[in-house]
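K.L.:
predicted model follows, preceded by the sequence.
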There are 2 protein chains.
Amino acid sequence: MGRPVNVGELVERAGKGEPRAVARLISLVENASPQLRPVMKALAPLVAADGGAHVIGLTGSPGVGKSTSTSALVGAFRSQGKRVGVLAVDPSSPFTGGALLGDRVRMQDHATDPEVFIRSMATRGHLGGLAWATPQALRVLDAAGCDVILIETVGVGQAEVEVASLADSTIVLVAPGMGDAIQAAKAGILEVGDVFVVNKADRDGAQQAVRDLRNMIALAAYGPDDWKPPIVSTVAARGEGIEELVRRLAEHHDWLVGSGRLRERRVARARDEVAAIALTAVRERFGDLDGDDRLDRLAGRVAEGALDPYTAADELVEAVAPS
Amino acid sequence: MGRPVNVGELVERAGKGEPRAVARLISLVENASPQLRPVMKALAPLVAADGGAHVIGLTGSPGVGKSTSTSALVGAFRSQGKRVGVLAVDPSSPFTGGALLGDRVRMQDHATDPEVFIRSMATRGHLGGLAWATPQALRVLDAAGCDVILIETVGVGQAEVEVASLADSTIVLVAPGMGDAIQAAKAGILEVGDVFVVNKADRDGAQQAVRDLRNMIALAAYGPDDWKPPIVSTVAARGEGIEELVRRLAEHHDWLVGSGRLRERRVARARDEVAAIALTAVRERFGDLDGDDRLDRLAGRVAEGALDPYTAADELVEAVAPS
């Protein structure tokens, strides 16, 4: 696990916004370091009482311009004097490194700005790891004084949608002529989008994409107290529409605070994080009970057909958590 | 949950290979029906002593020809007189229905063959669901007397790789000129591939794709007892190379049986299934302890920064599983 960590000092330096300390802490998160326990303990009191950073998720199919949009948003928030964190999460790939290099390159405009923290994070093949790694990385960036944190995910799939929905505000990007994005949106993505963006809006089919989204939103059953997602047309590569997007995001944040939903979303995020950590602890006990390989023995009997998997699971649960 | 289920009758009919009973049971799996417990209990003794069906997973990027290859393999196994199950799993999408229609269409050659069972299965946004839903669906098809079961996944991501690796033999498909497939392969997919296929081998770049794969395999550190994955060139749309592919799969199956690895893989699959069911049961207790909303209260304190997530998780575990 590399050099020993002086947790107190590292957290203090990260709290002052020192980039190397922030990077080090996120590496600990990424590597599921045993040091995370004291780190998170030290970070907890630094969570701002006003809710801290506005966490904004971006999701959408490859090719819709997520990285370009993220970069444009960083520029817009920086021009408002805000400190910005960018977390590029690659949840669906078991292949670490490499995959996110493209994004890093596009982010180079901001790489030397001391008020911008950019980190890629691969979650090392741990599906359950997403649920805790993302909130923990957010906590680090929050403690480092970020006003806004952008979470960019790679690809569109369930895991990406889950990551994006850990955010306070989720942007769903589509591009003209990418029928699959609209199809996906029609089929269910509507639920996670707080703001829809039709990027590359200078291309043919942009009007149609906006109309499609508008129809979907009209058909969705929003209650009187629900947020109705706006649609913003952008050409992120030229910065067009980004100001409006920032304005819509601010409106959504105001609505979240005013309606009490911000707290609800933060509690939901913490619930998933705590449950994921607890389940990992329980799972560790499965294979390690009295130095006994209970799970292996049960699995062997299930594989032979001597036992059904539910009865095996009952035995396992009874062993670690007697009812 | 629809009509009441006569479990005994349904399992008996499925055991005789009756397509409607098989379809009904897989729907119960897909919907995580409470009826699964008695169903799996009834199915357990039907698991064949010789290991039952040879389970073959297919994975690869969209566009490499997975569906066409699956269809060609079905034809080849049918000409050997084998009963074949096809399970098309869409693990990464939260969007049910629709996504797999394309595959169903391509499968229509076999749709009226009573010795071929074809089922799509969406796992309804349950990440943890994959670990148990796929083995359970396999158990149903196994009990229905399938000699071979093909698992086709949609897209390439961690979840897809996980599903494919629940199989006894995993085919990794690439196509010429799809650099991303080779990149993915280079970065880590090698571990899950038992047989590599360069499909669309009549296209430019096929020789290069074979060379790339051969180099990767040469560089990988296989032990003397390890299986060295062969590379097969196919044009699945015309059936070319499919006979060789079937032969390689049979060789891999022989190796699995002879080396004891088949049993190891089956036990590992059962281990994941049992653990996933047990964790679901434990997780249900988190929110439902003495009618108390312990997890919500802990999450609220974490969201406020009054508590760190690890201490919260400790409290939760101690409550459901006292040490």
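P.N.:
Good, I have the coordinates.

K.L.:
rest of the way, CA atoms for contacts and neighbours
P.N.:
Noted.

K.L.:
what ranges do the helices span in the stretch 201-323 of chain A?
P.N.:
Here the stretch 201-323 of chain A has its helices, by DSSP state H, counting those that start in this stretch, at A:206-219, A:242-259, A:261-286, A:294-304, A:309-320.

K.L.:
is it possible to export the ones you listed to a markdown table including distance to chain B and mean neighbour count?
P.N.:
A markdown table is the format used below for the helices of the stretch 201-323 of chain A (distance: least, C-alpha to the nearest C-alpha, whole Å; neighbours: other C-alpha atoms under 10 Å in any protein chain shown):
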| stretch | distance to chain B | mean neighbour count |
| --- | --- | --- |
| helix A:206-219 | 15 | 16 |
| helix A:242-259 | 14 | 16 |
| helix A:261-286 | 5 | 21 |
| helix A:294-304 | 5 | 22 |
| helix A:309-320 | 5 | 20 |
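
K.L.:
can you list the weak-confidence ranges in chain A?
P.N.:
A:1-4, A:48-50, A:90-109, A:122-131, A:154-161, A:164-165, A:178-190, A:288-292 (pLDDT under 70).

K.L.:
hey, where'd the strands end up in it?
P.N.:
All strands of chain A, identified by DSSP state E, fall at A:54-59, A:84-90, A:116-122, A:148-153, A:169-174, A:195-198, A:231-233.

K.L.:
those strands: which one's closest to chain B?
P.N.:
Closest to chain B of the strands of chain A is strand A:84-90 (C-alpha to the nearest C-alpha; 10.0 Å).

K.L.:
helices or strands up against that closest one?
P.N.:
Other elements packing on strand A:84-90 under the criterion 3 or more C-alpha pairs under 8 Å, 6 or more residues apart in numbering or on different chains; DSSP states H and E are helix A:66-79, strand A:116-122, strand A:148-153.

K.L.:
most tightly surrounded among those?
P.N.:
Most buried of these, by mean neighbour count (mean count of other C-alpha atoms under 10 Å in any protein chain shown): strand A:148-153, with a mean of 26.

K.L.:
in its sheet, what does it sit against?
P.N.:
strand A:54-59 (parallel), strand A:84-90 (parallel) (DSSP bridges).

K.L.:
so which of the ones you listed is the most packed in?
P.N.:
By mean count of other C-alpha under 10 Å, the strands paired with strand A:148-153 have strand A:54-59 as the most buried, with a mean of 26.

K.L.:
residue in the stretch 201-323 of chain A nearest to chain B?
P.N.:
A:A321 (4.0 Å).

K.L.:
skipping its backbone neighbours, what lies nearest that residue in space?
P.N.:
Leaving aside its chain neighbours, A:A321 sits nearest to B:A321 (4.0 Å; criterion: C-alpha to C-alpha, 6 or more residues apart in numbering or on different chains).

K.L.:
now for the one you found, how many residues are close by?
P.N.:
19 (other C-alpha atoms under 10 Å in any protein chain shown).

K.L.:
so it sits against A:L316, correct?
P.N.:
No: B:A321 lies out of contact with A:L316 (C-alpha atoms under 8 Å); the separation is 11.7 Å.

K.L.:
relative to A:T68, how far out is the nearest residue to A:L73 once chain neighbours are set aside?
P.N.:
Distance criterion C-alpha to C-alpha, 6+ apart; nearest residue to A:L73, sequence neighbours excluded, is A:I242 at 6.6 Å. Relative to A:T68, A:I242 is positioned 11 Å away (C-alpha to C-alpha, to the nearest Å).

K.L.:
find the residues that touch each one of the two.
P.N.:
By C-alpha atoms under 8 Å, 6 or more residues apart in numbering or on different chains, A:I242 and A:T68 have these common neighbours: A:A236.

K.L.:
residue contacts, the residue lying farthest from the centre of chain A?
P.N.:
For chain A, the residue at maximal distance from the C-alpha centroid (C-alpha atoms, centre = their mean) is A:A306, at 42.2 Å. With contact set as C-alpha under 8 Å, 6+ apart, A:A306 has these partners: B:A44, B:P45.

K.L.:
measure it to B:V257 for me?
P.N.:
Counting by C-alpha to C-alpha - A:A306 and B:V257 are separated by 20 Å.

K.L.:
now A:T70
P.N.:
51 Å.

K.L.:
chain center to stretch A:297-315, what's the gap?
P.N.:
Chain-centre distance of stretch A:297-315: 36 Å, with C-alpha atoms, centre = their mean, to the nearest Å.

K.L.:
to clarify, my last question referred to stretch A:307-323.
P.N.:
Mean-position distance between stretch A:307-323 and its chain equals 33 Å (C-alpha atoms, centre = their mean).

K.L.:
would you mind pulling the contact partners of it?
P.N.:
Identification of contacts with stretch A:307-323 by C-alpha under 8 Å, 6+ apart yields A:282, A:285-286, A:289, A:294-295, A:298-299, A:301-302, B:37, B:40-41, B:43-45, B:270, B:273-275, B:277-278, B:281-282, B:320-322.

K.L.:
just the C-alphas of it, formatted as CSV.
P.N.:
In CSV, the C-alpha atoms belonging to stretch A:307-323 read as follows (Å, rounded to 0.1, in the frame of the first residue of the first chain):
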residue,chain,number,x,y,z
LEU,A,307,-28.6,-28.3,-1.7
ASP,A,308,-30.6,-25.5,-3.2
PRO,A,309,-29.0,-22.0,-3.1
TYR,A,310,-31.7,-20.5,-0.8
THR,A,311,-31.2,-23.0,1.9
ALA,A,312,-27.5,-22.6,1.6
ALA,A,313,-27.9,-18.8,1.9
ASP,A,314,-30.1,-19.3,5.0
GLU,A,315,-27.4,-21.4,6.6
LEU,A,316,-24.8,-18.7,5.8
VAL,A,317,-26.9,-15.9,7.2
GLU,A,318,-27.8,-17.8,10.3
ALA,A,319,-24.1,-18.5,10.9
VAL,A,320,-23.0,-14.8,10.7
ALA,A,321,-26.2,-13.1,11.9
PRO,A,322,-28.3,-15.4,14.1
SER,A,323,-31.9,-14.4,14.0
